[in-house]
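*Asks:* below are the sequence and a predicted model for it; my questions follow.
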Amino acid sequence: MAVTNPMPTPTPEPYDGLAPTETSYGRMVLRRFLRNRMAIVGAIILLILILISVFAPVITSATLGWGRDEIDIRYIRAAPSARHPLGTDSAGRDNLTRLLYGGRVSLAIALGSVAVYMVMGIAIGAVAGYFGGWVDNVLMRLVDIIQSFPFLMFALTIVAIRGPSVSNLVFAIVFLSWPVPARLVRGEFLSLRERDFIEAARAMGVSGFRMIQRHLLPNAMAPLIVNATLEVAGIILSEAGLSYLGFGVSQPVPTWGNMLSEANNMAVLQTKPWTWLPPGLMIFLTVLSINFIGDGLRDALDPRLKQ
Amino acid sequence: MGRYLMRRLLQTIPILLGVSIVVFIIIHSAPGDPYAYLFGPRVDPTLRARLMEEMGFNDPLPVQYIRWFTTTISGNLGYSIRTQEPVIDMMARALPRTLLLTGSSFLLGLAIAIPIGVISATRQYSLLDYAATTFAFMGISLPSFFAALLAVYFFAVKLPVFPMNGIHTPGGGGFWDVLHHLALPAITLGLRDMASYARFTRSSMLEVLRQDYVRTARAKGVAERIVIYKHAFRNGLIPVITLLGFSLPGLFGGAVIIEQVFTFPGMGLLTFEAVNNRDYSVLMATNMFFALLVIVGNLIADILYAVADPRIRYA
């Protein structure tokens, strides 16, 4: 005799908006994020920019046909035309092609260096906040020291002293930026330490690395994710500024920042806006969309953080 | 208050020492020979080696650091490797200009941002609030040097109402002339901060407007205008003091770029030229000095905050 299912299969009822349904934290965050229109627009724009950056070689060879560093010798600082839709730069390279390539290095440097110093800062801040006492004191004085330097000025000095290159640029960014997440994690840990669930975990004998990794850090994640997003925007601006000054990413590799340094030439600034306006707008658009995403994430991850 | 002040002052000493060590190490990690310009190619190599030895070039780093630190403390910042001018003279010329630029950016930022912040807080979710929020987002996303280039292009080239660069018309110029030259750099440098001050003021005001004493004031029938501008505004502005400390590094750092765009002869341009010339003594002095300014600025902000909010002193 076949065993029949004693329970009739429940027919799923449509959600009426009132009854509590089981939702995970992740789902709730996603739903709240998707409700934020500006954040969605930001995410779509950023996605497009990333796709353009990734596929820049394919896109440019299929449409314009110019290489990234290819010089069109009879068209130096040319005005926009069918041959060069955004004109050419002072070396006779196609501006549009370089514009499409320009996001690659900027985005890669920003994402890479933020990832590195986030990990570094979280580790240092976690140690300071968990152990407290003299360890905390020493680490926080180190944070104070690094944060006394005006970022751009000292980054410029570091890159100039060690020689302009991508690795020195990343070194300068990481060296000057790790205190931000470190401070944040430490502050979160100090307030979490007083909470009952941490007290309970301690009473059960949890300590050291496991306490940090299983109990403290997951509860400090929300502000960290928001902060990391906004930091990416800040680093893109810094990289652009340093590249503009000639101490970031150097030619011939195009970034939006070093493309803007064409405007250092008074004649270009005054009469050839098509050379320097587009890269500036691209930086603006990228940073704006990331800031919108960061703001949406803040509201979605932790509504209490909403300003 | 006296004890708080004392403790706060003592805290800055190790930070200052640390800053000087970091500057020293970074500058001394430079590859190559920074004194190549000083001697020129025709100086006999053995003479040169002897002079370098006499100058202490080959001493261990800690010895060099202590020598540098003691001479710096006594007010001797050395000479520019490039122009042979005393660094202190170069800084004395450039510093007032940079302070003028950053100071007016900061004040201008506050003057525009505080009213915007207060209005968007009192009319939360109004059209004006949305406009202010959008403006704030754009302000923090616009690179300052791009803003500066746009300003030059539109307000100095296309519509020539402001001068393109410099600090005054060649051959002098009075107060208004300097102000005229200051307008574009000060606005573009302050734009980013203006946006964040407005957001900061807004959230601080919203916080205060939720407090019991505001409700009490409303309950006893105080006019809404007085509730906002007398009860809430004064308390809502206290956290704004901390902005002074927060924004100094950004303002000084941003000055490098803005001064470069406008050829504004301040500390930023001095640093930028020193970077291009590998002028180490100037770089050490400007970086050290800017860090000192940031530390002093933070100290002032903390003291002001303790004066305005007595709870801080006992924390």
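*Replies:* Thanks, I have it. Here the structure is a predicted model, which is why all the values come from computation and not from measurement.
*Asks:* quick one: the helices in the chain?
*Replies:* Using chain A. Ranges of helices in chain A, per DSSP state H, are A:25-35, A:37-54, A:56-63, A:95-131, A:133-147, A:151-162, A:166-177, A:179-192, A:196-203, A:208-210, A:217-245, A:256-260, A:266-271, A:273-301.
*Asks:* meant chain B, my bad for not saying
*Replies:* In chain B, the helices defined using DSSP H lie at B:2-28, B:36-39, B:45-55, B:61-73, B:87-122, B:127-141, B:144-152, B:175-209, B:212-219, B:224-226, B:233-236, B:241-262, B:267-277, B:280-308.
*Asks:* weakest of those helices in terms of mean pLDDT?
*Replies:* Sorting the helices of chain B by mean pLDDT places helix B:36-39 lowest, at a mean of 62.
*Asks:* so what does the residue nearest to A:Ile161 when sequence neighbours are not counted have for phi and psi?
*Replies:* Closest residue to A:Ile161 apart from its sequence neighbours, by CB to CB, 6 or more residues apart in numbering or on different chains: B:Ala30 at 4.6 Å. Quick note: C-beta positions are derived from backbone N, CA and C, even for glycine. Main-chain torsions, B:Ala30, degrees, to the nearest 10: phi -70, psi 130.
*Asks:* what's the neighbour count on B:Ala30?
*Replies:* Neighbour count for B:Ala30, taken as other CB atoms under 10 Å in any protein chain shown: 15.
*Asks:* pick the most buried one from the helices of chain A.
*Replies:* Mean neighbour count (mean count of other CB atoms under 10 Å in any protein chain shown) peaks for helix A:256-260 among the helices of chain A, with a mean of 28.
*Asks:* for the stretch 101-250 of chain B, what lies in contact range of chain A?
*Replies:* Contact residues of the stretch 101-250 of chain B with respect to chain A, defined by CB under 8 Å from any CB of the partner chain, are listed as B:137-138, B:140-146, B:149-150, B:152-153, B:157, B:199, B:202-203, B:206, B:248-250.
*Asks:* which PyMOL command selects the buried ones in those residues?
*Replies:* Buried members of those, defined by 16 or more other CB atoms under 10 Å in any protein chain shown, are picked up in PyMOL with:
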select buried, chain B and resi 137+140+141+142+143+144+145+146+149+150+152+153+199+202+203+206+248+249+250
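*Asks:* now do the contacts for the residue of the stretch 151-300 of chain B at minimum distance from chain A.
*Replies:* When scored by CB to the nearest CB, the stretch 151-300 of chain B has B:Gly253 as its residue closest to chain A, at 3.4 Å. For B:Gly253, the contacting residues are A:150-155, taking CB atoms under 8 Å, 6 or more residues apart in numbering or on different chains as the criterion.
*Asks:* looking at those, which is nearest B:Val63?
*Replies:* If you rank these by distance to B:Val63 using CB to CB, A:Phe154 comes first, at 24.9 Å.
*Asks:* my guess is that closest one contacts B:Asn287. True?
*Replies:* Yes: counting by CB atoms under 8 Å, a contact exists between A:Phe154 and B:Asn287, whose distance comes to 5.9 Å.
*Asks:* can you tell if stretch B:275-293 touches chain A?
*Replies:* Yes: using CB under 8 Å from any CB, stretch B:275-293 comes into contact with chain A via B:275-276, B:278, B:283, B:286-287, B:290-291.
*Asks:* top of these by neighbour count?
*Replies:* In terms of neighbour count, B:Thr286 stands highest of those at 32 neighbours, by other CB under 10 Å.
*Asks:* surely that one touches B:Ile88?
*Replies:* No: with contact defined as CB under 8 Å, B:Thr286 does not reach B:Ile88; the gap is 11.4 Å.
*Asks:* returning to that earlier point: which pair in the residues of stretch B:275-293 next to chain A spans the largest distance?
*Replies:* Largest separation among those by CB to CB: B:Asn276 and B:Ala291, giving 21.3 Å.
*Asks:* the contacts of B:Gly253 also near chain B: which ones?
*Replies:* Filtering the contacts of B:Gly253 for proximity to chain B by CB under 8 Å from any CB leaves A:150-155.
*Asks:* and the residue nearest to B:Leu77 when sequence neighbours are not counted, what is it in contact with?
*Replies:* With sequence-adjacent residues excluded and distances taken as CB to CB, 6+ apart, B:Leu77 is closest to B:Val87, at 4.0 Å. By CB under 8 Å, 6+ apart, the contact list for B:Val87 reads B:77-80, B:281-282, B:285.
*Asks:* ok, now A:Leu96?
*Replies:* Contact criterion CB under 8 Å, 6+ apart gives A:60, A:64, A:84-86, A:278 as the residues in contact with A:Leu96.
*Asks:* what's around the closest residue to B:Leu61 other than its chain neighbours, how many residues?
*Replies:* Using CB to CB, 6+ apart and skipping the chain neighbours, the partner closest in space to B:Leu61 is B:His28 (6.5 Å). Under the neighbour criterion other CB under 10 Å, B:His28 is assigned a count of 15.
*Asks:* would you agree B:His28 is in contact with B:Pro62?
*Replies:* No: counting by CB under 8 Å, no contact exists between B:His28 and B:Pro62, whose distance comes to 11.2 Å.
*Asks:* do you know the pLDDT at the nearest residue to A:Val54 once chain neighbours are set aside?
*Replies:* Counting by CB to CB, 6+ apart, A:Arg104 is the residue found nearest to A:Val54 once chain neighbours are left out, at 7.7 Å. Each residue has a pLDDT score; the one for A:Arg104 is 87.
*Asks:* ok, A:Met140 next?
*Replies:* 90.
*Asks:* right, and it touches A:Ala128 too?
*Replies:* Yes: A:Met140 lies in contact with A:Ala128 (CB under 8 Å); the separation is 6.2 Å.
*Asks:* give me the common contacts of these two.
*Replies:* Overlap between the neighbourhoods of A:Met140 and A:Ala128 consists of A:Arg186, taking contacts as CB under 8 Å, 6+ apart.
*Asks:* ok, the nearest residue to A:Gly241 once chain neighbours are set aside to A:Leu152 distance?
*Replies:* Of all residues not flanking A:Gly241 in the chain, B:Ile257 sits nearest, at 5.3 Å (CB to CB, 6+ apart). For B:Ile257, the distance to A:Leu152 (CB to CB, to the nearest Å) stands at 7 Å.
*Asks:* overlap of the contact sets of the two?
*Replies:* Taking CB under 8 Å, 6+ apart as the contact rule, the neighbours common to B:Ile257 and A:Leu152 are A:Gly241.
*Asks:* from chain A, how far off is B:Thr122?
*Replies:* Relative to chain A, B:Thr122 is positioned 16 Å away (criterion: CB to the nearest CB, to the nearest Å).
*Asks:* hang on, isn't that residue packed against B:Met205?
*Replies:* Yes: between B:Thr122 and B:Met205 a contact is recorded at 7.2 Å, counting by CB under 8 Å.
*Asks:* and those two? Which one has more around it.
*Replies:* For B:Thr122 against B:Met205, the residue with the higher neighbour count under other CB under 10 Å is B:Met205, and the figures read 26 against 21.
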